[in-house]
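Engineer: task: produce atomic coordinates for the following.
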Amino acid sequence: MTTEDRTADLAAIVHATHTYALGLDRFDPELALSAFTSDAVWDATPVGLARYEGEAEIRGFFEKDAQQVRDQFHVITNHRVEFTGPDAASGTNYVYSEGHLSGGASFKAIALNEDTYARGGDGWRIASRVISPLTPPEMGDFEA
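Structural biologist: Numbers count the residues shown, from 1 in each chain. Coordinates of the predicted model:
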């Protein structure tokens with residue numbers, strides 16, 4: 001592949017990670033879910049949350065998030081992506097998230113996302129994400 005082809009692929013992968021954040025921040029579980037493959041894994045056990053496998057489990061978590069959070073934002077940056085095949089890649093990015101639960105408690109997390117990505121008929125998507133803390137997470141009464 002040419003450098004130009006990989007540049008377009010990189011942009012599509014970054015777009016998927018930003019779609020995830022936008023979906024969470026707009027309380028739109030379907031938008032957040034659209035960033036993932038149907039068999040994806042979302043694992044936040046290193047920050048004290050849970051691990052979800054597949055579309056139904058991940059959607060359930062995003063729906064619960066939308067119900068218990070009053071306001072939140074996610075900043076995702078510092079993407080590093082390595083292509084491991086024509087339709088596969090792995091990478092990392094930093095996430096800073098902060099907000100308030102419906103009951104008023106606040107939460108904050110500064111973490112490292114360790115991702116794998118896959119390209120299918122619907123473009124590049126996140127195939128797996130493991131979220132590890134970079135500073136001690138402050139999760140309030142957040143349940144997952």
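Engineer: CA only for contacts and neighbour counts going forward, please
Structural biologist: Fine.
Engineer: tell me how far Val41 lies from Arg129.
Structural biologist: Per C-alpha to C-alpha, to the nearest Å, Val41 is found 6 Å from Arg129.
Engineer: most centrally placed residue in the chain?
Structural biologist: Tyr20 (5.3 Å; C-alpha atoms, centre = their mean).
Engineer: can you check the pLDDT for that residue?
Structural biologist: Tyr20 carries a pLDDT value of 98.
Engineer: equivalent analysis for Thr2, please.
Structural biologist: 53.
Engineer: coming back round to it: give me phi/psi at the residue nearest to the centre of the chain?
Structural biologist: Tyr20 adopts backbone torsions of phi -60, psi -50, taken as degrees, to the nearest 10.
Engineer: give me the below-cutoff pLDDT ranges for this structure.
Structural biologist: By pLDDT under 70, the weakly predicted segments of the chain are 1-4, 143-144.
Engineer: ok so, going back, what's the residue nearest to the centre of the chain in contact with, if anything?
Structural biologist: The neighbourhood of Tyr20, defined by C-alpha atoms under 8 Å, 6 or more residues apart in numbering, consists of Leu31, Ala32, Leu33, Ser34, Ala35.
Engineer: for those, could you give me CSV that also reports secondary structure and neighbour count?
Structural biologist: Below are the contacts of Tyr20 laid out as CSV (DSSP: H, G, I helix; E, B strand; the rest coil; neighbours: other C-alpha atoms under 10 Å):
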residue, secondary structure, neighbour count
Leu31, helix, 17
Ala32, helix, 24
Leu33, helix, 24
Ser34, coil, 18
Ala35, coil, 24
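Engineer: format these as CSV; extra columns: distance to Pro46.
Structural biologist: Output for these, formatted as CSV (distance: C-alpha to C-alpha, whole Å):
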residue, distance to Pro46
Leu31, 25
Ala32, 21
Leu33, 21
Ser34, 24
Ala35, 21
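Engineer: tell me the strands beside the helix or strand that Asp39 is a member of, with direction?
Structural biologist: In this structure, Asp39 is located in strand 36-43 according to DSSP states H and E. Strand pairing for strand 36-43, using DSSP bridges, gives strand 51-53 (antiparallel), strand 123-133 (parallel).
Engineer: okay, and the beta partners of Tyr117?
Structural biologist: Beta-bridge pairing for Tyr117 (DSSP bridges): Ala89, Ile126.
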